[in-house]
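**Student:** Sequence unavailable; structure follows:
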């Protein structure tokens, strides 16, 4: 049954559609500009002829970036951080959230207070750096995944979702003799796929886009991630690309175009994968944030 809207409601909906359309266009303009610049010729970039459409289309800039060993080394390092870091994040989040979702847990309120405390008061950067240094984790992948191994916000989302699951299921499993670990893996996790896909996306995108953490803990150029590689590229360090380019290609290199091509290659995996996770993201974020 369709409810008839009043004139004010139709006006409000129309205003929202127009406003959101304008915001979408504003958000798309820099993205389209970067893509157009990465596909345009060096002369078009130099003369500022590129806006939203490629001028004299070419794949030259992508070929220069693809021929750089440092780019692929940074990409491989980033993939390792995403896979290992996300795996650690998910395991710790699930095993920390499940017991805290049980109201009968002794000391639950105190533990939740500590969790919320970490959301309000962040650990100072210098003490955290000193801890990482004393543990000899500098210039290792563990410095990029251990300090942020669990997110309090994501943990609260997971706790809320676990609390929405029927308690009778867990009680019946205990009567059947299942241990808490089996209950988590065989009952809680399969029933929590929407929120787990959401957290998976949150953690993976966070690791992929992480810029400050590797900049703080990694000084070895062989251990740099894609975001670090892009940072040094934008700071004017063209030596890696120049080393992998021919003499003719080196003469036509335009730093701005190479930056744009690197940005496109660095963001492409997330853009390609996101549509496949979108339905889980929307459903999980909605269900996990509502307390029944």
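**Tutor:** Sure thing, it's come through. Since the structure is predicted, the reported quantities are computational estimates derived from the model, not experimental observations.

**Student:** Tell me how far the nearest residue to residue 102 once chain neighbours are set aside lies from residue 204.
**Tutor:** Using Cβ to Cβ, 6 or more residues apart in numbering and skipping the chain neighbours, the partner closest in space to residue 102 is residue 108 (7.3 Å). From N, CA and C alone the C-beta is placed, and that goes for glycine too. Separation of residue 108 from residue 204 (Cβ to Cβ, to the nearest Å): 29 Å.

**Student:** So between these two, which is more surrounded?
**Tutor:** Per other Cβ atoms under 10 Å, whichever of residue 108 and residue 204 has more neighbours is residue 204, with 21 against 14.

**Student:** need the contact list for that one.
**Tutor:** Listed by Cβ atoms under 8 Å, 6 or more residues apart in numbering, the contact partners of residue 204 are 82, 86.

**Student:** pLDDT score for it?
**Tutor:** We have a pLDDT of 91 for residue 204.

**Student:** repeat for residue 222
**Tutor:** We have a pLDDT of 84 for residue 222.

**Student:** Over to residue 278?
**Tutor:** Reported pLDDT for residue 278: 73.

**Student:** quick one, what contacts residue 156?
**Tutor:** 115, 116.

**Student:** Find the residue ranges of the stretch 1-150 of the chain scoring beneath the pLDDT cut-off.
**Tutor:** 1-3 (pLDDT under 70).

**Student:** could you redo the last one with a cut-off of 80?
**Tutor:** 1-7 (pLDDT under 80).

**Student:** ok, now the stretch 151-292 of the chain?
**Tutor:** Ranges of the stretch 151-292 of the chain meeting pLDDT under 80: 233-255, 274-292.

**Student:** Quick one: the helices in it, in order.
**Tutor:** 152-164, 167-175, 180-183, 189-191, 193-209, 212-217, 226-234, 239-243, 247-251, 255-288 (DSSP state H, counting those that start in this stretch).

**Student:** To residue 89, which of those helices lies closest?
**Tutor:** helix 193-209 (4.2 Å; Cβ to Cβ).

**Student:** so that closest one versus helix 152-164, what angle?
**Tutor:** Helix 193-209 and helix 152-164 are oriented at 170 degrees to each other (axes from the mean of the first three to the mean of the last three Cα atoms, to 10 degrees).

**Student:** any idea of the angle helix 193-209 forms with helix 255-288?
**Tutor:** Angle between the axes of helix 193-209 and helix 255-288 is 160 degrees (criterion: the same axes, to 10 degrees).

**Student:** For residue 173, see how far away residue 185 is.
**Tutor:** Distance from residue 185 to residue 173, by Cβ to Cβ: 11 Å.
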